[in-house]
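Novice: compute the structure for the input listed below.
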Amino acid sequence: MNKKKAPYSRCISDRLAFRKGYLLAFFYLFMLFFLASADSWAAEPFQQATGGSGLVSIEAEHYHSHTPQGGHEWLAVSQAGYSGEGALEAYPADRTSVHTGYASTAPRLDYQVEFVTTGTHYIWVRGFGPSTASDSLHVGLNGAEVSSADNIAGFSPTKQWVWSNQRQSTGAVRTLNITSPGVHTINVWMRESGMVFDKLVLTKDASYVPTGVGPAESPRGELSGCGPTFRIMPLGDSITQRRGYRPKLYSDLVNANYNVDFVGSVSDTSGSHDRDHEGHSGWTPAGIAASLYDWLVANPPEVVLLHIGTNELDVFGVEDILNVIDSYSTDITVVLARIINRATYHQPTTEFNAAVAAMAQARIRNGDKILMVDHESALSYPNDMQDELHPNSTGFAKMAVVWFNGLTAFLPACGE
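Specialist: This next block holds a predicted model:
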């Protein structure tokens, strides 16, 4: 009698040689696909925050549409220090500048935003100027040039990431006037070729000044309703299995008025936090993928927190996990981690994270509900590590903050 093969299992040895040689090629293939794409990763408009600040935060690479013009276009680059999954350069960098008439002659990026507040909104742009001849851009509204938002420069010193809200020469603060609530399109045009654009922030608060990589990106829509609870499955290896980030994350969510229930087949033996999880010490992505479907059936989640790869840097195994989740339900949102590095810096981990991010972006463009979060850059090495592979209490606390920021970007708080 022939035994039926277990779902998603396979002979690892048959693919080992393929995986070893193909990891970097896989990464570059998806990067080329990402660079060539003219569509953004999702269609929903960015949601303006309610409250006094009216904050909108947008990663440059998450545009709704891109229109090359005048022999130039916006291309993805991996300039070190970017926020999110990358940044965009006005290409080619041939010292071209477009001062006027740019709506019809310069490459344009479009970002749809659902505004809940009208009036003056203050603009901040995070950018990188390779030189003083390539450090400015224009912002507009609904496809039209706006004199109060053009010629944003001041990205000085050059060759560094800088936040600017000023017009070249005059230093005038750049603004947009939103005259009605609802969906409007924010436009970004090239002014000088070679300019690298990373993030756009709008706010009602005239005194607000972003720092570092800026605020977390605004959500695009929300999970439907608040409901009694949102079921969250922490999934991974020993970094998830140890209490580590989970008690603080649960406490922070509850204290911020989020109704959540951690789920999984494993439970801590003590603690006042929600003890359930799906952390399995020593497991690889392939091992998780082989068992995951049964775990999902037993403890169905609405959200999965996935931090996996420390025991084997297997991009294909991570994709197998995502395939299993989709086969169970395409309604599950996966918060997917760039995993932590090691106490002694490990270049293959950084390369693995880049390949996972590229793979995830391709899936997002095809409709997968995936949100990338970056744990690797959140920790300080070796100070935040207990041993070569595992964080100490400080490192786990930082991980909790990363998860919290990712979750609260789309989970609605209850009772507001």
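
Novice: ok, P107 - contacts?
Specialist: Neighbouring residues of P107 by CB atoms under 8 Å, 6 or more residues apart in numbering: 66-70, 72-74, 90, 189-190. For the C-beta atoms, the positions are set from N, CA and C on the backbone; glycine is no exception.

Novice: filter these down to the buried ones and hand me the ChimeraX line.
Specialist: Listed next is the ChimeraX selection for buried residues among the contacts of P107, using 16 or more other CB atoms under 10 Å:
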select :66,67,69,70,72,73,74,90,189,190
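
Novice: report the two of the contacts of P107 separated the most.
Specialist: Of all pairs drawn from these, the greatest distance, 13.7 Å, lies between H66 and G70 (CB to CB).

Novice: the protein: helices as residue ranges?
Specialist: Using DSSP state H, the helices of the chain run over 12-36, 102-105, 238-241, 246-255, 285-298, 315-328, 347-365, 393-408.

Novice: what pLDDT, on average, does stretch 106-119 get?
Specialist: Stretch 106-119 shows a mean pLDDT of 92.

Novice: now do the buried residues in it.
Specialist: Applying a neighbour-count criterion of 16+ other CB under 10 Å, the buried positions in stretch 106-119 are 106-115, 117.

Novice: so which of these belong to strands?
Specialist: Counting by DSSP state E, these place 108-115 in strands.

Novice: between these, which sits nearest R231?
Specialist: The nearest member of these to R231, counting by CB to CB, is E114 at 27.1 Å.

Novice: against P45, how distant is the closest one?
Specialist: 4 Å (CB to CB, to the nearest Å).

Novice: overlap in contacts, the two.
Specialist: Common neighbours of E114 and P45 (CB under 8 Å, 6+ apart) are V183.

Novice: what number of residues lie near G194?
Specialist: Applying other CB atoms under 10 Å, we find 22 residues neighbouring G194.

Novice: ok, and the closest non-adjacent residue to F352?
Specialist: Of all residues not flanking F352 in the chain, L313 sits nearest, at 4.0 Å (CB to CB, 6 or more residues apart in numbering).

Novice: that neighbour contacts T350, correct?
Specialist: No: judged on CB atoms under 8 Å, L313 makes no contact with T350 at a distance of 10.1 Å.

Novice: out of the two, which sits in the busier spot?
Specialist: Neighbour totals were compared for L313 and T350, and L313 leads with 21 against 15 (other CB under 10 Å).

Novice: tell me what W163 is bridged to.
Specialist: As for beta bridges, W163 partners with R126 under DSSP bridges.

Novice: revised request: answer the last question for H121.
Specialist: Going by DSSP bridges, H121 forms beta bridges with L176.

Novice: how many residues are close by it?
Specialist: Neighbour count for H121, taken as other CB under 10 Å: 25.

Novice: S78 and G140, how far apart?
Specialist: Per CB to CB, S78 is found 27 Å from G140.

Novice: equivalent analysis for G194, please.
Specialist: Computed as CB to CB, the G194 to G140 distance reads 20 Å.

Novice: with V324 instead?
Specialist: 44 Å.

Novice: thought P181 was touching G54?
Specialist: No: in this structure, P181 is not within contact of G54 by CB under 8 Å, at 10.8 Å.

Novice: which of those two has more neighbours?
Specialist: Legend: neighbour count by other CB under 10 Å for P181 and G54, higher for G54 (21 against 12).

Novice: how about the more buried one, phi and psi?
Specialist: With angles defined as degrees, to the nearest 10, G54 sits at phi 50, psi 40.

Novice: not counting sequence-adjacent ones, nearest residue to it?
Specialist: Counting by CB to CB, 6+ apart, G54 lies nearest to K204, which is 3.8 Å off, once chain neighbours are set aside.

Novice: and that neighbour, how many residues sit next to it?
Specialist: Residues lying near K204 (other CB under 10 Å) number 20.

Novice: flag the shaky bits of the stretch 101-250 of the chain, pLDDT-wise.
Specialist: Low-confidence segments of the stretch 101-250 of the chain, defined by pLDDT under 70: 221-228.

Novice: so in terms of bridging, what pairs with the residue nearest to the spatial centre of the chain?
Specialist: Residue closest to the average C-alpha location in the chain (CA atoms, centre = their mean): M372, at 4.2 Å. Here M372 shows beta-bridge partners L336, assigned using DSSP bridges.

Novice: what about stretch 407-416, average pLDDT?
Specialist: In this model, stretch 407-416 carries a mean pLDDT of 75.

Novice: domains in this protein, by residue range?
Specialist: Domain segmentation of the chain under automatic domain parsing yields 46-203, 230-408.

Novice: okay, and the common contacts of P181 and G54?
Specialist: Here P181 and G54 have 115-117 as joint contacts, going by CB under 8 Å, 6+ apart.

Novice: between the residues you listed, which sits nearest K248?
Specialist: Nearest to K248 among those: V116, at 31.1 Å, using CB to CB.
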